[in-house]
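1. Below is the sequence, then the predicted model.
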Amino acid sequence: MERWFEYRHTVGFEETNLVGNVYYVNYLRWQGRCREMFLKERAPAVLADLRADLKLFTLRVDCEFFAEITAFDELAVRMRLQELAQTQIEFGFDYVRLDADGGELLVARGSQRVACMRGPNTRTVPTRVPEALEAALKPYAVGVRA
């Protein structure tokens, strides 16, 4: 079993600048997309909770670059659980370029910290990480701080 949840992406022209490099903001978008696909595929019960009053507030994101990627590169965004606290979760992300010959190259690494909140937008309060989300994340815990 893999120790990460993987979201695959093909880089498009609209995600690059004039010289063909990927815009920084796209790495952050891919973190969010990976997290969304994780919820859809591994924690669908949490989606109903999100439609009710659960909110996942992104508190912090970062990304460190090691190599450039360009249009039509195949990318695997691999998400793992780094920390699970009562009301917050920290995810780690590896961005891996997948070569046609089966090779892989780590091109970037990032993280994202999320707080679980409930209530109306004007009066949200911290809440425990839902049990269904905790259970879905457990297989992806690598050296988790609890």
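-> The structure has been received and is ready for your questions.
2. Name the single longest helix found in this structure.
-> Longest helix in the chain, counting residues (DSSP state H): helix 24-42.
3. and that helix, average pLDDT?
-> The average of the pLDDT scores along helix 24-42 is 96.
4. That one packs against which elements?
-> With contacts defined as 3 or more CB pairs under 8 Å, 6 or more residues apart in numbering; DSSP states H and E, helix 24-42 has these neighbours: strand 5-10, helix 44-52, strand 54-65, strand 74-84, strand 88-98, strand 104-118, helix 131-137. Using the backbone N, CA and C atoms, a C-beta is placed for each residue, glycine as well.
5. Switch these over to a markdown table; also include distance to residue 28 and mean neighbour count.
-> Below are those laid out as a markdown table (distance: least, CB to CB, whole Å; neighbours: other CB atoms under 10 Å):
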| stretch | distance to residue 28 | mean neighbour count |
| --- | --- | --- |
| strand 5-10 | 13 | 16 |
| helix 44-52 | 20 | 13 |
| strand 54-65 | 5 | 14 |
| strand 74-84 | 11 | 20 |
| strand 88-98 | 10 | 20 |
| strand 104-118 | 8 | 18 |
| helix 131-137 | 20 | 17 |
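6. what would these look like in JSON lines with distance to residue 22?
-> Below are the helices and strands packed on helix 24-42 laid out as JSON lines (distance: least, CB to CB, whole Å):
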{"stretch": "strand 5-10", "distance to residue 22": "11"}
{"stretch": "helix 44-52", "distance to residue 22": "29"}
{"stretch": "strand 54-65", "distance to residue 22": "9"}
{"stretch": "strand 74-84", "distance to residue 22": "9"}
{"stretch": "strand 88-98", "distance to residue 22": "10"}
{"stretch": "strand 104-118", "distance to residue 22": "9"}
{"stretch": "helix 131-137", "distance to residue 22": "28"}
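7. what ranges of this protein fall below the confidence cut-off?
-> Of all residues in the chain, those with pLDDT under 70 make up the ranges 1-2, 143-146.
8. Go again with 90.
-> 1-2, 17-21, 52, 119-123, 142-146 (pLDDT under 90).
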